[in-house]
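*Asks:* what follows is a predicted protein model with its sequence.
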Amino acid sequence: MTIPRRFLLAVLPLLALFLISDVAHAHGLHMFAAREDGRITGYVYAHADEGIPGMTVTARTTDDEVLGTAITDEGGAFSLDIDTEEEIRITAVADDGHHAHATVPALGDDHAHAHDHAPAPEQEHAADDAHTQNHSHAMELDDMGDVVAQRLLPLEQRIDSLEAKIGLRDILGGIGYILGLAGIAAFLMRRK
Amino acid sequence: MHISDGVLSSEVLLISSAISAGCVAVGVARLDDEKIPRVALLAAVFFISSLIRIPVGHSSAHLVLIGIMGMTLGWCVFPALAVALLLQAALFGHGGVVALGANIAVIGAPALACRGLLLAGARFNTHSGAIAFTGAVCGGVGVVLGCAMFSLFMIASGVEFAGLAAIVSAAHIPLIIIEAIITSVIAASLYRLKPDALALTHSVEIPAP
């Protein structure tokens, strides 16, 4: 039995295209990122708790200056050694061009104000003590802020995952839309 | 098989959207009282099917049901896909709204080809076993053609597939088998229980080559 040449000419290019296609990460991608101990850590996922490995993660400033790059690990997690207080924009790109974005906001400037506060000249001595107290107070607040941020991190990650999760409400809502549209179409057909 | 926004070039988006809009218009023109419930039912099934995932290594594939959609709906598959894909993009984040036209083309064109396969097969043999076999072929071919369309759009947009030669993905093989089985069973059941659902004698339904 011989295979017709025209059949091969039609099938082989299609087969080649099929073989190079990649279904990985073909769906909605999400990213979580946060500051942690002078680093930016996070993970990329397609569905809740399903990390995507091998994605190229790039961190940029608001001026589009590249601060660093990383590759997600087996669980979709990444870590970037970036110690800046500026806003950071992070992009993760998959092999097939799908991408996810996240923005890490700039750190609040309360702490900076505490350091920048200048005392009046006539109160210099008293102010020196006050400044020292303010400084140590600011340091304590800073440490407390770090501790609170670390404690809240898993909670933020969980909230982010839950927001990305597809719920029964979405499914039923979609079916409702379809049935509603079908009803409208049937109504219009009847009127004709 | 869903394409997200920001992946395809503007030329590919425009051309695919224009073609899809035309196909949707043809599909809407062919809708009638009898077809609307069938179109709505299959649109709803397609809408949900993307949630049925088949884990493959680090990644996952999901049911697309291209074969059964095309076999039963013909040109009317396009309005069904337009609604279902729009809702998938809006509610699930699967695919993009701007890339809706491209996604309709990626799935709709193979579905239409499956309709052609069914009609061609029915010319030779209309035994339920033959319909089941044609259903299996349509289920598998639908996925293969869908992947081919996906890759074609990506390449036409200049998307760099990292390690193009290395990506000889076997991810779709399980999906092809599962789709072939599901489509075969559904086609055979429909042919036995409700043969008019396949509209094998409907002369208007012959798809474009």
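*Replies:* Sure, I can see it. Residues are numbered from 1 along each chain as shown, chains lettered A, B, ... in the order given.

*Asks:* ranges for the helices of the chain?
*Replies:* You didn't say which chain, so I picked chain A. Ranges of helices within chain A are A:5-20, A:110-116, A:124-164, A:168-191, based on DSSP state H.

*Asks:* actually, chain B is the one I wanted.
*Replies:* B:10-29, B:35-49, B:66-73, B:77-87, B:100-124, B:128-156, B:172-193.

*Asks:* out of those helices, which one sits most buried?
*Replies:* Of these, the one with the most neighbours on average (mean count of other C-beta atoms under 10 Å in any protein chain shown) is helix B:66-73, at a mean of 30. Just so you know, the C-beta spots here come from the backbone N, C-alpha and C atoms, and that holds for glycine as well.

*Asks:* got the contact list for that one?
*Replies:* Residues lying outside helix B:66-73 but in contact with it, judged by C-beta atoms under 8 Å, 6 or more residues apart in numbering or on different chains, are B:35, B:38-39, B:42, B:46, B:77, B:80-81, B:107, B:110-115, B:118, B:135, B:138-143, B:145-146, B:179-180, B:182-183, B:186-187, B:190, B:197-199.

*Asks:* and chain A, which of those residues contact it?
*Replies:* B:V39, B:L145 (C-beta under 8 Å from any C-beta of the partner chain).

*Asks:* tell me who's in contact with B:R38.
*Replies:* Per C-beta under 8 Å, 6+ apart, neighbours of B:R38: B:T72, B:L73, B:C76, B:A197.

*Asks:* where's the residue of chain B found nearest chain A relative to B:A82, distance?
*Replies:* Nearest residue of chain B to chain A: B:G93, at 2.6 Å (C-beta to the nearest C-beta). As judged by C-beta to C-beta, to the nearest Å, B:G93 and B:A82 stand 18 Å apart.

*Asks:* what does A:I159 give?
*Replies:* Counting by C-beta to C-beta, the gap from A:I159 to B:A82 is 33 Å.

*Asks:* kindly report the same for B:S9.
*Replies:* For B:S9 relative to B:A82 (C-beta to C-beta), the value is 22 Å.

*Asks:* contacting residues for A:G173?
*Replies:* With C-beta under 8 Å, 6+ apart, A:G173 has these contacts: B:L91.

*Asks:* tally of neighbours for the nearest residue to B:V97 once chain neighbours are set aside?
*Replies:* Leaving aside its chain neighbours, B:V97 sits nearest to B:A89 (5.0 Å; criterion: C-beta to C-beta, 6 or more residues apart in numbering or on different chains). B:A89: 21 surrounding residues under other C-beta atoms under 10 Å in any protein chain shown.

*Asks:* cool, and A:M31?
*Replies:* The burial count for A:M31: 24, using other C-beta under 10 Å.

*Asks:* with just CA atoms, put stretch B:85-94 into CSV.
*Replies:* Output of stretch B:85-94 as CSV, limited to C-alpha atoms (Å, rounded to 0.1, in the frame of the first residue of the first chain):
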residue,chain,number,x,y,z
LEU,B,85,-14.2,32.0,24.5
LEU,B,86,-15.2,35.5,25.5
LEU,B,87,-16.6,34.2,28.8
GLN,B,88,-13.6,32.1,29.4
ALA,B,89,-11.4,35.1,28.9
ALA,B,90,-13.5,37.3,31.2
LEU,B,91,-14.2,34.8,34.0
PHE,B,92,-11.3,32.4,33.9
GLY,B,93,-8.5,34.4,32.4
HIS,B,94,-8.1,31.7,29.7
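
*Asks:* who touches that stretch?
*Replies:* A:27-28, A:30, A:164, A:166, A:170-171, A:173-174, A:177-178, B:2, B:47, B:50-51, B:95-97, B:100, B:103-104, B:107.

*Asks:* what do you get for stretch B:178-195?
*Replies:* Contacts to stretch B:178-195, defined as C-beta under 8 Å, 6+ apart, come from residues B:54, B:63-68, B:71-72, B:118, B:128-129, B:131-140, B:142-143, B:197-198.

*Asks:* does A:T41 really touch A:S79, like I thought?
*Replies:* Yes: contact status for A:T41 versus A:S79: in contact at 4.8 Å, counting by C-beta atoms under 8 Å.

*Asks:* which secondary structure elements does the top strand by length along chain A sit against?
*Replies:* Looking across chain A with DSSP state E, the single longest strand is strand A:39-47. Contacts defined by 3 or more C-beta pairs under 8 Å, 6 or more residues apart in numbering or on different chains; DSSP states H and E place strand A:39-47 against strand A:30-36, strand A:50-51, strand A:56-60, strand A:77-80, strand A:88-93, strand A:99-104, helix A:124-164.

*Asks:* mean pLDDT lowest where, among those?
*Replies:* Lowest mean pLDDT within the helices and strands packed on strand A:39-47: helix A:124-164, a mean of 69.

*Asks:* OK, contacts around the residue nearest to A:E74 when sequence neighbours are not counted?
*Replies:* Nearest residue to A:E74 in three dimensions, chain neighbours excluded: A:P53, at 5.0 Å (C-beta to C-beta, 6+ apart). Contacts for A:P53 (C-beta under 8 Å, 6+ apart) come out as A:T72, A:D73, A:E74, A:G75, A:G76, B:H58.

*Asks:* most neighbours among those, please name it.
*Replies:* Neighbour counts for these, by other C-beta under 10 Å, peak at A:G76, which reaches 25 neighbours.

*Asks:* wait, that residue touches A:T41, no?
*Replies:* No: applying C-beta under 8 Å, one finds A:G76 not in contact with A:T41, separated by 11.8 Å.

*Asks:* state the mean pLDDT of stretch B:3-13.
*Replies:* For stretch B:3-13, mean pLDDT rounds to 85.

*Asks:* likewise for stretch B:90-104?
*Replies:* On average, stretch B:90-104 scores 87.

*Asks:* equivalent analysis for stretch B:33-46, please.
*Replies:* In the prediction, stretch B:33-46 has an average pLDDT of 90.
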